[in-house]
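Colleague: below: sequence and its predicted model.
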Amino acid sequence: MTTTLTMDVRPASSGAGPHWLRRALRHQPLGVAAVGYLILLVLAGLLAPALAPYDPQAQDLTTVLSGPSAAHWLGSDSLGRDVLSRLLYGIDPSLVNTVTALVVFLALGVPFGILAGYRGGWIDATISRIAELALGIPAIIIVLVVLAVFSSSPTAAMVALGVLGAPGLTRVTRGVTLVVREELFVTAARVAGVRPWRIMSGHVLRRTLGPVLVQASVFAGISLAFQAALAFLGVTSGGDRPSWGAMIGDASTVITTNPWLLVPPGLAIAFTVLAFGVLGDSIRDLTSGEPATVTRRTAKQARDPKPKLSIVDATSDALLNVRGLNVSAGAGTALVSDATFQVRAGETVALVGESGCGKTMTALAVLGLLPAAVRADGGEVIFDSTDLVAGGPKAYRAVRGSGIAYIAQDALGSLDPTHTIGSHLKEVIGCHDRLSARDTRARAVELLNQVNLTDTDRVLASYPHEISGGMAQRVNIALALAGRPRLVIADEPTTALDVTVQAEILRLLRELQEDTGMAILLITHDWGVVADIADRAVVMYAGEVVEQSDVDTLFRAPRFPYSAALLAADPNSAPEGARLPTLPGRVPPPGSWPSGCRFAARCAHVRDVCTAGEVPLIPVGAHAATRCVRVDDLVQEGALPQ
Ligand SMILES: Nc1ncnc2c1ncn2[C@@H]1O[C@H](COP(=O)(O)OP(=O)(O)OP(=O)(O)O)[C@@H](O)[C@H]1O
């Protein structure tokens, strides 16, 4: 390893702590006031014995139903008890009841929402149907039944309210999870072999926090108002302990003669409900600006509940053997058809072609990470003698991370913005090695050193937004290496980086390959990258493999007019000052592929034979193949080099 990088920490543009607080104060003064009010309320509740001028239960029959006075600032109730003291002592039970409802609401709503959104399929369908049913149940009737069974206990009423409110939260959390699960960093974690429960609890949960907190604040307000309504109706009994609800209940009995008694607890409840509402609005405003780097839709493509692992082609020396792979979307529109190629242990194969030719879909099919509406519906993806397509989700899970790793183009999008680099590495290392905390850190440092990152203490403590794109890609490579994979699939890993960093990353991949012996399947548009790093190239056009060959042969003597035209149009290989030929026309989109040769409409050498029927891959030489039926003629005519 020759390249060494030092830390390039950009000034933090966002983060936790004082910066967040300053932003909140500037943009959400009402939210800060609401938090301040709630903190004061909790303190007043805790300090009630010191603050209250009277014992809340002390009756003074000489001051029954007196209005506000110097002795009783907020007056006294029908038993002569001081209203201010009861209000202060009432804070704790009111908030405890609210918290009880909130805990039940969150404990049921969040896990089921995340589970439904993340796992999808029958789990999602079951949870969603139950939630819909529960939302249709009239809450007040259930709560009244619970109160009848549990001797008018306010706690039981609050538990019931939490249960009845949870389905609404489940729906919200599910919706957020559906978006988060498609984010690249979740795909990256899945490919690294991180277990689903860890992804749900570590990555998805954090991203749902904003909407969940908004729902929680609104629900807290509702539960407080609900307590008051139940007490007003006289269906709950709080014993002798004062609570705001009980005060409302007492006041309601003398509402015609002494309406003032309703005012102190009514205002306390109204302000507190308002504070919860304002808090919810502020959280929503603050969190709505969070990055939502939805870069690629991903989902499990196979749903076979009992995977059958089939051993095939044990004699082939290919580490990855893709044969006749078909990928289609929606009602059956083919995106990739009959893709066939191999990657041998330790070699680098480039998947080349213009945008929209199916390179990424092929790679995602190999990883078992096709988008939700896209599926592999034919062919084989044999990795290390196991057919992954036939094996289904279990087979894919078994090879991801330790067998096949993935490096995406969007280096920063592949990292969870709420986790430090150290936390990413720790998580992935934990999936592959059982190590103590100290050894895990040592392994993380080792991996960072492997990708030539020094100053490891600072790198480990940094958040993704604090490092440069090049460093982020090195971190992704380190994460990919954590499982000691035998094949790394890199989808345009340098495209988003500037030119000097691109060269460094390519050099790093080459060095790592020499050190570890891993194979690389590299997706790229760039012939310079192919020439630089690849041993063999597989050229794709309109969802088909049209040519494959070793790179030297391909550059010297392409055997498909499309490859020849792409190479001729490549600025890297053009003589200086020469005018670059262009390739007219566009790749036909899926659904409008012509029969016969799909390149025919753009080919300068087309004849009737080209469009007469399907063209198979025709072997040319020992290790090359082309889909051009006229290959021999074109070589003879000089249209393709000898
Ligand atoms: N989720 C999807 N549903 C349906 N069609 C899709 C989906 N994603 C991609 N496609 C289509 O599949 C075809 C192949 O796309 P793919 O991303 O594999 O091409 P590519 O060669 O990798 O292009 P690029 O270099 O731009 O990434 C394209 O026509 C694209 O529009």
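Modeller: It's in.
Colleague: only C-alpha atoms from now on, for both contacts and neighbour counts.
Modeller: Fine.
Colleague: mind listing what the residue in the chain sticking out farthest from the centre touches?
Modeller: Distance from the centre of the chain peaks at residue 62, with 65.7 Å (Cα atoms, centre = their mean). Residue 62 makes contact with residue 80, according to Cα atoms under 8 Å, 6 or more residues apart in numbering.
Colleague: skip the chain neighbours and tell me the closest residue to residue 477.
Modeller: Nearest residue to residue 477 in three dimensions, chain neighbours excluded: residue 407, at 6.6 Å (Cα to Cα, 6 or more residues apart in numbering).
Colleague: correct me if wrong: that neighbour contacts residue 488.
Modeller: Yes - taking Cα atoms under 8 Å as the definition, residue 407 is a contact partner of residue 488 at 7.3 Å.
Colleague: okay, and the common contacts of those two?
Modeller: Joint contacts of residue 407 and residue 488 (Cα under 8 Å, 6+ apart) are residue 480.
Colleague: tell me which residue of the stretch 101-250 of the chain lies closest to the ligand.
Modeller: residue 182 (11.1 Å; Cα to the nearest ligand atom).
Colleague: that residue: neighbour count?
Modeller: 20 (other Cα atoms under 10 Å).
Colleague: mean confidence for the helix or strand hosting residue 427?
Modeller: Using DSSP states H and E, residue 427 sits within helix 421-432. Taken as a whole, helix 421-432 has a mean pLDDT of 92.
Colleague: which residues of this structure lie near the ligand?
Modeller: 329, 335, 354-361, 371, 374, 589-590 (Cα under 6 Å from any ligand atom).
Colleague: can you select the buried ones from the residues you listed in PyMOL?
Modeller: Restricted to buried positions by 16 or more other Cα atoms under 10 Å, the PyMOL selection for the residues of the chain next to the ligand reads:
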select buried, resi 329+335+354+356+357+358+359+360+361+371+374+590
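Colleague: thinking again about what came up before, give me the phi and psi for the residue farthest from the centre of the chain.
Modeller: Backbone torsions of residue 62, given as degrees, to the nearest 10, read phi -80, psi -20.
Colleague: how near is it to residue 334?
Modeller: In this view, residue 62 and residue 334 are 88 Å apart by Cα to Cα, to the nearest Å.
Colleague: same check, this time on residue 201
Modeller: 36 Å.
Colleague: between these two, who's got more neighbours?
Modeller: residue 334 (23 against 13).
Colleague: check contacts around residue 518.
Modeller: 345, 346, 347, 485, 486, 487, 488, 512.
Colleague: got a winner among these for most neighbours?
Modeller: Going by other Cα under 10 Å, residue 487 tops the contacts of residue 518 with 31 neighbours.
Colleague: who's in contact with it?
Modeller: 319, 345, 403, 404, 405, 518, 519, 520, 521.
Colleague: next, give phi and psi for the third one.
Modeller: To tie it back to what came earlier, the one meant is residue 403. Here residue 403 shows phi and psi, under degrees, to the nearest 10, equal to phi -100, psi -60.
Colleague: that one: neighbouring residues, count only.
Modeller: Neighbours of residue 403 (other Cα under 10 Å): 22.
Colleague: what pLDDT does the closest residue to it other than its chain neighbours get?
Modeller: Excluding its sequence neighbours, the residue lying closest to residue 403 (Cα to Cα, 6+ apart) is residue 485, at 4.7 Å. In this prediction, residue 485 carries a pLDDT score of 92.
Colleague: residues in contact with residue 485?
Modeller: Here residue 485 is in contact with 401, 402, 403, 404, 405, 518 (criterion: Cα under 8 Å, 6+ apart).
Colleague: the residues you listed in strands, which ones?
Modeller: 404, 405 (DSSP state E).
Colleague: please enumerate the strands of the protein.
Modeller: 318-329, 333-344, 348-352, 374-376, 380-383, 386-387, 404-407, 487-491, 519-524, 536-541, 544-550, 618-620, 624-626.
Colleague: what lines up beside the first one in the sheet?
Modeller: Strand 318-329 has the following sheet partners, assigned by DSSP bridges: strand 333-344 (antiparallel), strand 374-376 (antiparallel), strand 380-383 (antiparallel).
Colleague: mean pLDDT added to those strands, as TSV?
Modeller: TSV is the format used below for those (pLDDT from 0 to 100):
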stretch	mean pLDDT
strand 333-344	92
strand 374-376	90
strand 380-383	92
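Colleague: quick one: which of those strands is nearest residue 234?
Modeller: Ranking the strands paired with strand 318-329 by their distance to residue 234 (criterion: Cα to Cα) puts strand 374-376 first, at 57.4 Å.
Colleague: any regions of the stretch 51-200 of the chain where pLDDT drops low?
Modeller: Within the stretch 51-200 of the chain, not a single segment meets pLDDT under 70.
Colleague: and the lengthiest helix in the chain, what does it pack against?
Modeller: Longest helix in the chain by number of residues (criterion: DSSP state H): helix 83-119. Packing partners of helix 83-119 (3 or more Cα pairs under 8 Å, 6 or more residues apart in numbering; DSSP states H and E): helix 29-46, helix 48-51, helix 121-135, helix 154-180, helix 205-233, helix 244-253, helix 263-287.
Colleague: circling back: out of the strands paired with strand 318-329, which gets nearest to residue 172?
Modeller: Among those, if distance is taken as Cα to Cα, the winner is strand 374-376, at 25.5 Å.
Colleague: quick one: contacts of the closest one?
Modeller: 301, 302, 325, 326, 327, 328, 329, 330, 365, 370, 389.
Colleague: quick check: the farthest pair among those residues?
Modeller: The span of the contacts of strand 374-376, defined through Cα to Cα, is set by 330 and 389 at 18.6 Å.
Colleague: neighbour count winner among those two?
Modeller: residue 389 (27 against 10).
Colleague: and that one, what does it touch?
Modeller: 302, 368, 376, 379, 380, 381, 382.
Colleague: now with 7 Å?
Modeller: Contacts here follow Cα atoms under 7 Å, 6 or more residues apart in numbering; on that basis residue 389 touches 380, 381.
Colleague: so how far is the ligand from it?
Modeller: 18 Å (Cα to the nearest ligand atom, to the nearest Å).
Colleague: do the same with residue 555
Modeller: From residue 555 to the ligand the distance is 20 Å (Cα to the nearest ligand atom).
Colleague: check what pLDDT that residue gets.
Modeller: pLDDT at residue 555 comes out at 90.
Colleague: which residue comes closest to it once chain neighbours are left out?
Modeller: Nearest to residue 555 is residue 567, by Cα to Cα, 6+ apart, at 7.3 Å.
Colleague: that neighbour and the ligand, how far apart?
Modeller: Distance of residue 567 to the ligand, given as Cα to the nearest ligand atom: 16 Å.
Colleague: kindly report the same for residue 322.
Modeller: The gap separating residue 322 from the ligand is 15 Å, by Cα to the nearest ligand atom.
Colleague: same check on residue 99?
Modeller: Taking Cα to the nearest ligand atom, one finds residue 99 at 43 Å from the ligand.
Colleague: residues near that residue, how many?
Modeller: Residue 99 - counted by other Cα under 10 Å - has 18 other residues nearby.
Colleague: what do you get for residue 365?
Modeller: Residue 365 has 24 neighbours, counted by other Cα under 10 Å.
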